[in-house]
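> got a predicted model here, sequence first, then my questions.
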Amino acid sequence: MALSRNRLRGYVDANVILSGVATDNPHSASRVVLVASELTLLDLVANERAIEECTRNLARFVKDEGQLRELEDLLQEVVSRSIEVVETPAAGERSSVPGADPKDLVHLLSAVEHGCDYLITANTKDFPGSYEGTTVLEPGTLVRRIREQIKGLS
C-alpha cells in the first residue's frame, strides 16, 4: 500500500475495523472509512494488537465455523488493501496519559508515533480529545469532515 504525507492519516482501532468489515451496510461510517483508504483518500494505520483483537473478537462472537472463516478471510483482505499494520509499542516511559484508558494507551501511542492526524474509534470516551497533534474522533465525524472538504472544492 502506497502511503503519502499529502493525505490525511488515521489510526483505526479494532472496533472500527470490525464494524467496517462485518456490516452489510455499505454506508456505515466505519465501512466508508475503510473504503476511503482503499481509494487512497486517506492513509490508515493500526497496530498488531488491534488486528489481533479483531481476530479474537470474531472467534468469540461468530459461532458458525463457515461464517467465521469467511469473516476472517474478509478481515485479512480488508487489512491488506487498506491498513498499514505497525508494531505495537511498549508503553515505556509513557505508562499513562491523562484521559486515556490504560488498556487502550497503545492505540493512542501508535497514532502519535506514526504521525496520524486522527485516532478513529467508536470509544472516544477511552481517550483524551486530542494528544500530541492527534485528534480522537468517531468514524461518522471523520466522514462528515471529508464530505465537507469535498463539498468545498466546488
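That came in fine, so what should we check first?
> by residue count, which helix of the chain is the longest?
Identified as the longest helix of the chain according to DSSP state H is helix 65-82.
> list the buried ones in that one?
71-72, 75, 78-79, 82 (16 or more other Cβ atoms under 10 Å). All C-beta atoms are positioned from the backbone trio N, CA, C, and that covers glycine.
> pLDDT value on Glu93, please?
Note for Glu93: predicted pLDDT of 55.
> which helices and strands does the longest helix of the chain pack with?
Judged by 3 or more Cβ pairs under 8 Å, 6 or more residues apart in numbering; DSSP states H and E, helix 65-82 is in contact with helix 14-22, helix 29-38, helix 48-61.
> next, format the buried residues of helix 65-82 as TSV and append pLDDT and distance to Ile146.
Output for those, formatted as TSV (pLDDT from 0 to 100; distance: Cβ to Cβ, whole Å):
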residue	pLDDT	distance to Ile146
Leu71	94	27
Glu72	95	29
Leu75	97	23
Val78	96	19
Val79	97	21
Ser82	96	15
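> just those now: which is nearest Val106?
Taking Cβ to Cβ as the measure, Val106 lies nearest Val79 of the buried residues of helix 65-82, at 17.5 Å.
> got the contact list for the residue nearest to Phe127 when sequence neighbours are not counted?
Among residues not flanking Phe127 along the chain, Val136 sits closest, at 4.3 Å (Cβ to Cβ, 6 or more residues apart in numbering). Val136 sits next to 108, 118-119, 121, 124, 127-130 when contact means Cβ atoms under 8 Å, 6 or more residues apart in numbering.
> mind doing that once more with 7 Å?
119, 121, 124, 127-130 (Cβ atoms under 7 Å, 6 or more residues apart in numbering).
> pipe those into CSV and attach distance to Val86, pLDDT and secondary structure per row.
CSV is the format used below for the contacts of Val136 (distance: Cβ to Cβ, whole Å; pLDDT from 0 to 100; DSSP: H, G, I helix; E, B strand; the rest coil):
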residue, distance to Val86, pLDDT, secondary structure
Leu119, 13, 98, strand
Thr121, 16, 98, coil
Thr124, 21, 97, helix
Phe127, 18, 95, coil
Pro128, 21, 96, coil
Gly129, 23, 95, coil
Ser130, 20, 96, strand
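> so for stretch 144-154, what gets flagged as buried?
In stretch 144-154, counting by 16+ other Cβ under 10 Å, buried: Ile146.
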